[in-house]
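Peer 1: sequence below, structure please.
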Amino acid sequence: MKRLFLAASLIALIASPAMAQATRAVERNAVEAHMNFLAGEELQGRGSATRDEAIAAAYVAAQFRLAGLTPAPGMDGYVQKAPVTKVTPSGEARLAIGGMSITQGADFAVMAGGLNAASGAISVVADPASIPSGAEALMVAPPEGPAVRAMFGSLMRSGARLILLRRTDVLAQATGDSGTRDPIIRLADATPPAGPVVLVLAPDVFDRLKATGGTASYDPGDTVVEAGFTSNAIGWLPGSEPDGPVLMVSAHLDHIGLRSDGVVMYGANDDASGTVAVIELARALAGSGPHRMNVMFVAYGSEEAGLLGSRYFVNNPPVPLDRIRANLEIEMIADQDPQLPAGVMMMTGFERSNFGPELKARGALVGPDPYPEQNFFERSDNFALAQRGIVAHTVSGWATIPTYHTPEDTIANINFDFMTQAIQSLVAPLSAVAEGDFTPEWAEGGRPAAR
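Peer 2: Presented below is the predicted three-dimensional model:
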C-alpha cells in the first residue's frame, strides 16, 4: 500500500500545476539551436520566396508538429503557399536629362518603382520640408538624418512620376549597395503598385544633372518574369472551445537572403529571432493547455518583399478573421534598445488598445514605442490584421538597431540572454489571455482605417 501511495503521489506531482508550469520554461540552449539553423550559413538568409525560405518554413512546421500543434482548420498541412511573381531587372536602367545619360550602378540606385518607365519636366525643390504637388519630375536634396523619412512620405503623395534624390547617409542605407539585379516580388494576383519611380543619385551626379535641368527620362531596361511561391508556416493549438475565439502569435521567417552581388544578408535579429520566439511560445503554450481560446501560430514568408505573407494570409485565412481576437507579432527581439528600461521590449501602437497594458500587467516585459514618428505600427505584419479590425501589435527589442538590413545582422551579434528572457516573459501573459477572461479592444481612435 505504501508503494501504491508513493506511486499515486508521483503521478499527482507530475500532473500538478507546478510541474506543468515547469514545462513552460524557455531554455537558452533551445533558442540558440533554432537560431543556429535559421540564421546559419546553410539557409543563406532565407530570401523572400526562395528555396531557402521554403526550407525555413518546413523547419518551423516540423517544430509546430513536434510541439503537439495540429494543422489549422481547413488546412491539410502546416504550410500555406502563396503564388508570387518575381520580376528581375536587367540592372542596366538608364536616366537621361538633357544631353546627359547615366547607367544604374555607381551613378544611381533604384529606391522604388524601378520597373516602370517614367519621364517629365524637372522641378527642383528648394525646401525639402515643403514638397510641391503637381510636378512631373522632382529633384530634391534631402536633409541628413531621420527627417528624410517624413519628407519621403510627402514625396510619394506629390503626384510626381519621377523623383530624383541626392544621396544621404540614410538613403544610402535604405538603398544599400545590393547590386542591381535583385528580383522584385509581388503576389501573383496583385496589381503592380502605382506610384513614382524614385532614384537615389550620387551627390556629384545629382549636382551636375540639377544644373542641366529640362526633361528627365527613365528607362528600366529589360526584365525577366518568373512564377514562384512564398510560404507561411501555420500551427494550431486547439482550445476547449474548438469553434470559439482565436489568439494569434506570429513573426516573419524570411529576410533579404543572397544578394545579386553575392553578399549574404543573414537576418538573425530580423527576423529569425521572432520566428524562434513563435516556435518556443508554441511549445510552451502547448505544455500549459488546453486553454479556452484556440491559439494559432504563424510564421509569414516574404515580409521583406512588401508584407506579402501577411497580406495573403488575411485574404485567405484558415479560419474566419472575425474569430481572431488579438495578434501579437514578434520582430527583432535579439537585443535591447538603449532608450528602453533594462529588459523591456517596445510594442508598436501600445496606446491604441488595451492589449499591451494587459500583457504588461501580467508580467510581459513590454512598454510603449519610443519612436512614434517612425510609424512602426504600420510597417510590420500586424498592420494587415489591424486594418481588418483585429487588435494587432508588434513587439521588438530594438527596432532601430545599427545592424538593421546590413550584412552584420548575424548570430555573432545576438544577445541570447535578453532574447530568452523576452520570450519567457510572454509565456504566462499569453497563457492567461488564452484563458479568455480578457477582451482585447481598441482604444478610442486607435483602430486604423479599414482596408
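
Peer 1: C-alpha only now, for contacts and for neighbours.
Peer 2: Fine.

Peer 1: give me the contacts around the helix ranked longest in the chain.
Peer 2: Ranked by residue count and defined by DSSP state H, the top helix of the chain is helix 416-434. Residues outside helix 416-434 that contact it (C-alpha atoms under 8 Å, 6 or more residues apart in numbering): 24-28, 31-32, 247, 273, 277, 280-281, 284-285, 288, 291-295, 333-336, 343-345, 359-360, 362-365.

Peer 1: which among those residues end up buried?
Peer 2: Among the contacts of helix 416-434, those buried by neighbour count (16 or more other C-alpha atoms under 10 Å) are 24-26, 31-32, 247, 273, 277, 280-281, 284-285, 288, 291-295, 333-336, 343-345, 359-360, 362-365.

Peer 1: mean confidence for the longest helix of the chain?
Peer 2: Averaging pLDDT along helix 416-434 yields 97.

Peer 1: got it, and stretch 252-268?
Peer 2: Mean predicted lDDT for stretch 252-268 stands at 93.

Peer 1: got the buried residues for that stretch?
Peer 2: Quick answer for stretch 252-268 (16+ other C-alpha under 10 Å): 252-259, 263-268.

Peer 1: what's the farthest-apart pair in those residues?
Peer 2: Using C-alpha to C-alpha, those reach their maximum pairwise distance at 252 and 263, which is 21.1 Å.

Peer 1: rewinding a little: in helices, which of the buried ones among the contacts of helix 416-434 appear?
Peer 2: In helices, defined here by DSSP H, the members of those are 31-32, 273, 277, 280-281, 284-285, 359-360.

Peer 1: so where do the strands sit in the stretch 251-400 of the chain?
Peer 2: Shown for the stretch 251-400 of the chain, the strands assigned by DSSP state E, counting those that start in this stretch span residues 257-258, 264-265, 294-300, 324-330, 345-347, 366-368, 391-396.

Peer 1: can you put these in CSV and add distance to residue 439?
Peer 2: Converted to CSV, the strands of the stretch 251-400 of the chain look like this (distance: least, C-alpha to C-alpha, whole Å):
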stretch, distance to residue 439
strand 257-258, 39
strand 264-265, 40
strand 294-300, 14
strand 324-330, 8
strand 345-347, 18
strand 366-368, 19
strand 391-396, 10
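
Peer 1: pLDDT below threshold where in the stretch 1-150 of the chain?
Peer 2: Counting by pLDDT under 70, the ranges of the stretch 1-150 of the chain that qualify are 1-23, 145-150.

Peer 1: thinking again about what came up before, closest to residue 93 among the buried residues of stretch 252-268?
Peer 2: Nearest to residue 93 among these, with distances taken as C-alpha to C-alpha, is residue 259, at 18.1 Å.

Peer 1: these two touch, right, that closest one and residue 183?
Peer 2: No. Using C-alpha atoms under 8 Å, residue 259 makes no contact with residue 183, being 9.4 Å away.

Peer 1: tell me where the stretch 101-250 of the chain has strands.
Peer 2: Under DSSP E, counting those that start in this stretch, the stretch 101-250 of the chain gives strands at 108-112, 118-124, 137-140, 162-166, 184-187, 197-201, 215-219, 223-237, 246-252.

Peer 1: any chance of those in TSV, plus distance to residue 79?
Peer 2: TSV is the format used below for these (distance: least, C-alpha to C-alpha, whole Å):
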stretch	distance to residue 79
strand 108-112	31
strand 118-124	39
strand 137-140	44
strand 162-166	40
strand 184-187	17
strand 197-201	35
strand 215-219	39
strand 223-237	5
strand 246-252	13
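
Peer 1: tell me which of the ones you listed approaches residue 76 most closely.
Peer 2: Across the strands of the stretch 101-250 of the chain, closest to residue 76 is strand 223-237 (C-alpha to C-alpha), at 11.0 Å.

Peer 1: beta-bridge partners for residue 295, please?
Peer 2: Using DSSP bridges, the bridge partners assigned to residue 295 are residue 237, residue 247.

Peer 1: go on, the one 5 residues further on?
Peer 2: The residues paired with residue 300 through beta bridges, assigned by DSSP bridges, are residue 252.

Peer 1: quick check: it touching residue 255?
Peer 2: No. Contact criterion C-alpha under 8 Å: residue 300 and residue 255 do not qualify, at 10.8 Å.
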